[in-house]
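**Student:** Need coordinates for the below:
(2 chains)
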Number of protein chains: 2
Amino acid sequence: MNSHLNRWLAERTFEAIGAAPVRIVVGNDEFSPPGVVPRFSVWIRDRKTLFELFRDPEIGFGEAYSAGRVRVDGDFVEFLVTLYESMHEPRWFARLASKWMEFVQDNSPRRARENIHRHYDLGNDFYKLWLDAQLIYTCAYFPRPSMTLEDAQIAKMDHVCRKLQLSPGETVIEAGCGWGSFAIHMARHYGVHVTAYNISHEQILYARRRAREEGFADRVDFIEDDYRNITGHADVFVSIGMLEHVGPAHYREFGDIIHRAIGDEGRGLIHFIGRSYPLRFSRWIRKRVFPGAYAPTLRHVADVFEPHRYAILDVENLRLHYAKTVEHWLARFERSSAEVSAMYDPWFQRAWQLYLAGSIAGFRTSTLQLFQVAFAGQKCSTVPWTREHVYEKSACIPAMS
Amino acid sequence: MNSHLNRWLAERTFEAIGAAPVRIVVGNDEFSPPGVVPRFSVWIRDRKTLFELFRDPEIGFGEAYSAGRVRVDGDFVEFLVTLYESMHEPRWFARLASKWMEFVQDNSPRRARENIHRHYDLGNDFYKLWLDAQLIYTCAYFPRPSMTLEDAQIAKMDHVCRKLQLSPGETVIEAGCGWGSFAIHMARHYGVHVTAYNISHEQILYARRRAREEGFADRVDFIEDDYRNITGHADVFVSIGMLEHVGPAHYREFGDIIHRAIGDEGRGLIHFIGRSYPLRFSRWIRKRVFPGAYAPTLRHVADVFEPHRYAILDVENLRLHYAKTVEHWLARFERSSAEVSAMYDPWFQRAWQLYLAGSIAGFRTSTLQLFQVAFAGQKCSTVPWTREHVYEKSACIPAMS
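**Tutor:** Residues are numbered from 1 along each chain as shown, chains lettered A, B, ... in the order given. The predicted structure follows:
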């Protein structure tokens, strides 16, 4: 009887998520979808856990995995890739629950500060364990797949600067500046003046100290404020990895802020995790990792550009580079698992491992995209003739040599 | 009294189109918008013509210019650039008339054939007067601005092939193949097999003869049929300068046809005249030059890609290259004006001169864009790692050396 109930729960779970080539093991019972040769074993501690997976797999898997009540045999990223490839569309109640969560986790200025605080203020020491030396928490660019993460982050920063064709003396506004590496990179290598905004208190303090220590305090202003409070005029607007936290309801407002900053003469670049079709982040990711986050399609993002007639000059999709970036992060994270467990707890360590592995799977399977969108106002006179200059060898940037 | 009426008409016209720095001359009267220093003189033959401009400038200017009842002093392209830059949004009745025309000029298969016949079957001899030697009637790509139109068209074809990373033995479906140059280029330089569709009878006959003469008849099939009747499977889907004739009501259907052809494993590229904000072609252009044509924003075009989860890999905006391309065409066209007038009549010659000059102004002022959008299915294994290969020097293509 127990086995029959377990089987029923396992079958319903496969119906909900799709016929993945997976063997579910609960005690002495094993189940897999009919007609499928299982490639992975998922060990489920008890019926309660199986019931959680059945009831709400989108949240249940992450919760049970984090709690150590689910284990997976074999390569965890490959397992998640397999799961993503066989996954169904979420059902109506899952979609409704997903929408509800978006409503609750709005990105009003107050809520945005809470959302960002929860993720980015986990402590610089935590991020130092597994990010690159400059603490860059966005997709890197690997001109050669074998290069180090450190070099690939430098190459990414330079890739963006080249696309923007920055000239000495120009002014740049950066929205969402992380620990400040890119602002300092632009000031150091391109001679521009940068005003950089961020609502993460820990990051701003770190960035200011670094600018002071490296002698750029007069050329980079780090401002602890919401992007909605950006003031002043600049030649260039740039934002790397912040749009995910803006939320589609605020894209028009975001476009207005860009236009207020750079007008019709300016140009800019927005770098963000996107989608090829509309899909929210899983509820588990929004509950535990990125409250209020949303990855838009290019259609959504038109709300930023069209109202002010910004012409899109260049879109590059770097999803394979984000898969590789997160592979580096995950490898470093796993090497630091003891420190992370000690710093927080094993639950946190497993939750973040799942988040990183799931991100790799998302980028590998084309479920997630990474877009860099360069744009220019109607009266911008700095529209590149071709993109050849982006691919020229450079002497000043070590990673490109 | 006559002068007063002329002034009233001229003032209302400026109110409607915007305060362009232009002097209107009718007989002995001259008018320009208040507070504006005129840079161009527009000679208007009679009050009837002035009344036409006042009543419906969007159609009236083109009609009067074609009839020789309006002349412009100075550089005609510069005049149109100035006009575009000062132009207002069209008023409600103009927008309504614009929408009505779109409704009448639908792109059903029968109407599409008529629309295409009217423009593209004007006679190969006509296009030979002012296009490049290979008769390529789409935006060229000028790695160096000074290169010839002939070389820039070769460079464009190669640019697209590089983006697509074509390999020998692959199959390509081309929708809207013009006089066949690109299909033959792909077969010759990349060893692929191409099936190319076009509903222009004259163009298909020309393309078939060329393929036969150059020994590619077994590697390129030219099919005289609507893109809606594309059958068979291929690795790659490509369409250069056809989307403008599809019409936004048919984008989903167009996406379905692409998906039928290349599935989730395939990749492709669509090259089209676009917009940075929604705007129809002027009614005059649709009345006299391109019935049924529409230039979409990237938001519109999402209807092609999103339903089948095609990921956009690369968008390049080549509007400056289209301005230069049409400059070449206009210069050749003007050198052939006597032949064109003899072949058709002076009305036709002036109408086409206006269309070409207006296109240059549109691309220069960022009113028109030219997008190349490369995309790939969710299971495509030919996603380029970077875009470096697009910018490598090539030995085989003369224009790139």
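
**Student:** Give me the neighbour count for the nearest residue to A:Ile136 once chain neighbours are set aside.
**Tutor:** Nearest non-adjacent residue to A:Ile136, counting by CB to CB, 6 or more residues apart in numbering or on different chains: A:Gln153, 4.4 Å away. C-beta here means a position set from N, CA and C on the backbone, and glycine is covered the same way. Neighbour count for A:Gln153, taken as other CB atoms under 10 Å in any protein chain shown: 28.

**Student:** My understanding was that A:His328 contacts A:Leu149; is that so?
**Tutor:** Yes. With contact defined as CB atoms under 8 Å, A:His328 reaches A:Leu149; the gap is 4.1 Å.

**Student:** Please say which of these two ends up with more neighbours.
**Tutor:** For A:His328 versus A:Leu149, neighbours defined as other CB under 10 Å are more numerous around A:Leu149 (22 against 19).

**Student:** Name the residues contacting each of A:His328 and A:Leu149.
**Tutor:** Taking CB atoms under 8 Å, 6 or more residues apart in numbering or on different chains as the contact rule, A:His328 and A:Leu149 both touch A:Asp132, A:Ala140.

**Student:** host element of the residue in the stretch 101-250 of chain A that chain B sits nearest to?
**Tutor:** Closest residue of the stretch 101-250 of chain A to chain B, CB to the nearest CB: A:Pro143 (6.2 Å). Using DSSP states H and E, A:Pro143 sits in no helix or strand.

**Student:** Could you check the pLDDT of it?
**Tutor:** Predicted confidence (pLDDT) at A:Pro143: the value is 97.

**Student:** ok, now A:Thr13?
**Tutor:** So A:Thr13 comes in at 84 (pLDDT).

**Student:** Let me see the contact set for it.
**Tutor:** Going by CB under 8 Å, 6+ apart, A:Thr13 touches A:Ile24, A:Leu50, A:Leu53, A:Phe54, A:Pro57.

**Student:** In the stretch 201-350 of chain A, what residue spans correspond to strands?
**Tutor:** Assigned by DSSP state E, counting those that start in this stretch, the strands in the stretch 201-350 of chain A fall at A:220-224, A:236-240, A:267-274, A:311-317.

**Student:** Tabulate those (TSV), appending mean neighbour count.
**Tutor:** Below are those laid out as TSV (neighbours: other CB atoms under 10 Å in any protein chain shown):
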stretch	mean neighbour count
strand A:220-224	20
strand A:236-240	25
strand A:267-274	24
strand A:311-317	23
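
**Student:** Going by neighbour count, which residues of stretch A:275-287 are buried?
**Tutor:** Within stretch A:275-287, the residues scored as buried using 16 or more other CB atoms under 10 Å in any protein chain shown are A:Arg275, A:Ser276, A:Tyr277, A:Leu279, A:Arg280, A:Phe281, A:Ser282, A:Arg283, A:Trp284, A:Ile285, A:Arg286, A:Lys287.

**Student:** count of residues packed around A:Tyr82?
**Tutor:** For the record, residue A:82 is Thr, not Tyr. 20.

**Student:** Around chain B, pick out the residues from the stretch 51-200 of chain A.
**Tutor:** Residues of the stretch 51-200 of chain A lying close to chain B by CB under 8 Å from any CB of the partner chain are A:Tyr141, A:Phe142, A:Pro143, A:Pro145.

**Student:** which of these count as buried?
**Tutor:** The neighbour count (16+ other CB under 10 Å) marks A:Tyr141, A:Phe142, A:Pro143 as buried among those.

**Student:** I'd say the second one and A:Leu318 touch.
**Tutor:** No. When contacts are counted by CB under 8 Å, A:Phe142 is not listed as touching A:Leu318 (9.2 Å).

**Student:** for the closest residue in space to A:Tyr141 that isn't next to it in sequence, helix, strand, or coil?
**Tutor:** Leaving aside its chain neighbours, A:Tyr141 sits nearest to A:Lys156 (3.8 Å; criterion: CB to CB, 6+ apart). When classified by DSSP: H, G, I helix; E, B strand; the rest coil, A:Lys156 comes out as helix.

**Student:** could you list every residue that touches A:Lys156?
**Tutor:** For A:Lys156, the contact set (CB under 8 Å, 6+ apart) comprises A:Ile136, A:Thr138, A:Cys139, A:Ala140, A:Tyr141, A:His321.

**Student:** any chance of the strands of the stretch 201-350 of chain A in CSV, with mean pLDDT and distance to chain B too?
**Tutor:** Below are the strands of the stretch 201-350 of chain A laid out as CSV (pLDDT from 0 to 100; distance: least, CB to the nearest CB, whole Å):
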stretch, mean pLDDT, distance to chain B
strand A:220-224, 98, 29
strand A:236-240, 98, 16
strand A:267-274, 98, 9
strand A:311-317, 98, 4
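
**Student:** Would you mind saying which of these lies nearest B:Tyr190?
**Tutor:** Minimum separation from B:Tyr190 across those (CB to CB) falls at strand A:311-317, 22.8 Å.

**Student:** Parallel or antiparallel, list what pairs with the closest one.
**Tutor:** Using DSSP bridges, the strands paired with strand A:311-317 are strand A:369-376 (antiparallel), strand B:311-317 (antiparallel).

**Student:** so how far is the last one from its chain's centroid?
**Tutor:** Relative to its chain's centre, strand B:311-317 lies at 19 Å (CA atoms, centre = their mean, to the nearest Å).

**Student:** what does it contact?
**Tutor:** In contact with strand B:311-317 (CB under 8 Å, 6+ apart) are residues A:276, A:298, A:311-317, A:319, A:366, A:369, A:371, A:387, B:163, B:267, B:298, B:305, B:369-378, B:383-384, B:387.
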